[in-house]
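Undergrad: Sequence plus predicted model, see below.
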Amino acid sequence: MFLLYVDEADKIGHSFGPHSKEIRNTCSNIDRKINNIYNYLEKNIKNFEILIVGDHGMEKVNQEYDILSKLEKIFKENNINLNNSIEYFVDSTILRIWIKKNGNLKKIIKILTNDNFLNKKGKFIIPSQNKENQPDLSKYGDIIWWININSIIKPSFFSNNKKKSNGMHGYLDSNISKGTAIYYNSKNSNIKTINQIDLNKLFMHFSEYINLNDKN
């Protein structure tokens with residue numbers, strides 16, 4: 001089994017956006033690469049299977065927000081020392097906060113979840129308040145804030161903060177976590193395409209399908 005990751009669509013999507021002529025040209029180039037792989041396999045390997053999947057989508061970015069300046073303002077207004085009270089990690093779409101002193105947890109949760117800007121521009125996940133049937137997210141932070149779709153957080157750990165991002169992924173919204181997959185089996189020329197399936201279910205779905213075809 002060979003795994004091949006093609007990253008050019010991700011880079012171009014971040015730079016120019018998901019609806020740009022640059023991303024369309026990039027997708028056409030990826031099509032040609034896949035076609036070259038297919039032609040090589042047809043010539044050199046008797047029986048083979050190909051599974052093509054996307055690992056995430058890409059949404060257009062309309063707004064950037066300086067979340068660190070906002071945090072500093074909130075903590076200053078409440079007479080709390082930011083660096084003495086919390087550790088934080090800023091991704092392009094997620095702010096994760098760890099409370100240094102457990103006694104401050106409820107107080108800081110209340111302050112942040114009551115902030116109008118944070119409530120309007122994103123969604124909170126408080127692992128300690130999760131219900132029993134929900135996954136334990138405590139290792140990701142005591143407070144997790146996910147920015148709304150079409151917006152990003154700057155400065156962040158992963159992004160080049162000197163360059164504007166026109167596309168981003170990693171949003172919480174469930175309706176954008178779906179994708180397309182294509183499976184081909186040369187043994188019986190069987191082609192299967194699945195649209196709008198949850199990305200985290202793609203491999204599970206196709207493993208069942210591939211096993212079924214292997215028996216035929």
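TA: Cool, got the structure. Numbers count the residues shown, from 1 in each chain.

Undergrad: going forward, measure contacts and count neighbours with C-alpha atoms only.
TA: Will do.

Undergrad: What ranges does this protein have for its strands?
TA: Applying DSSP state E to the chain gives strands spanning 49-53, 59-60, 63-66, 86-90, 94-99, 122-125, 143-147, 151-154, 167-168, 178-185, 190-198.

Undergrad: Same list, the ones you listed, but as CSV with mean pLDDT please.
TA: Below are the strands of the chain laid out as CSV (pLDDT from 0 to 100):
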stretch, mean pLDDT
strand 49-53, 87
strand 59-60, 94
strand 63-66, 94
strand 86-90, 95
strand 94-99, 96
strand 122-125, 95
strand 143-147, 96
strand 151-154, 92
strand 167-168, 94
strand 178-185, 82
strand 190-198, 80
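
Undergrad: Tell me which residue is most central in this structure.
TA: residue 170 (2.5 Å; CA atoms, centre = their mean).

Undergrad: quick one, what contacts that one?
TA: 56, 93 (CA atoms under 8 Å, 6 or more residues apart in numbering).

Undergrad: Can you give me the distance of it to residue 53?
TA: Distance of residue 170 to residue 53, given as CA to CA, to the nearest Å: 17 Å.

Undergrad: What pLDDT does the model give the residue nearest to the centre of the chain?
TA: What the model reports for residue 170 is a pLDDT of 88.

Undergrad: Would you report the backbone torsion angles of it?
TA: phi 100, psi 30 (degrees, to the nearest 10).

Undergrad: Which strands or helices does the longest helix belonging to the chain pack on?
TA: Secondary structure assigned by DSSP state H gives helix 21-44 as the longest helix of the chain. Other elements packing on helix 21-44 under the criterion 3 or more CA pairs under 8 Å, 6 or more residues apart in numbering; DSSP states H and E are helix 8-16.

Undergrad: Return the list of helices and strands in contact with the helix it packs on.
TA: Using 3+ CA pairs under 8 Å, 6+ apart as the contact test, the elements touching helix 8-16 are helix 21-44, strand 167-168.

Undergrad: Relative to residue 72, which of these is closest?
TA: strand 167-168 (25.1 Å; CA to CA).

Undergrad: Spell out which strands sit alongside that closest one in the sheet and which way each one runs.
TA: strand 59-60 (antiparallel) (DSSP bridges).
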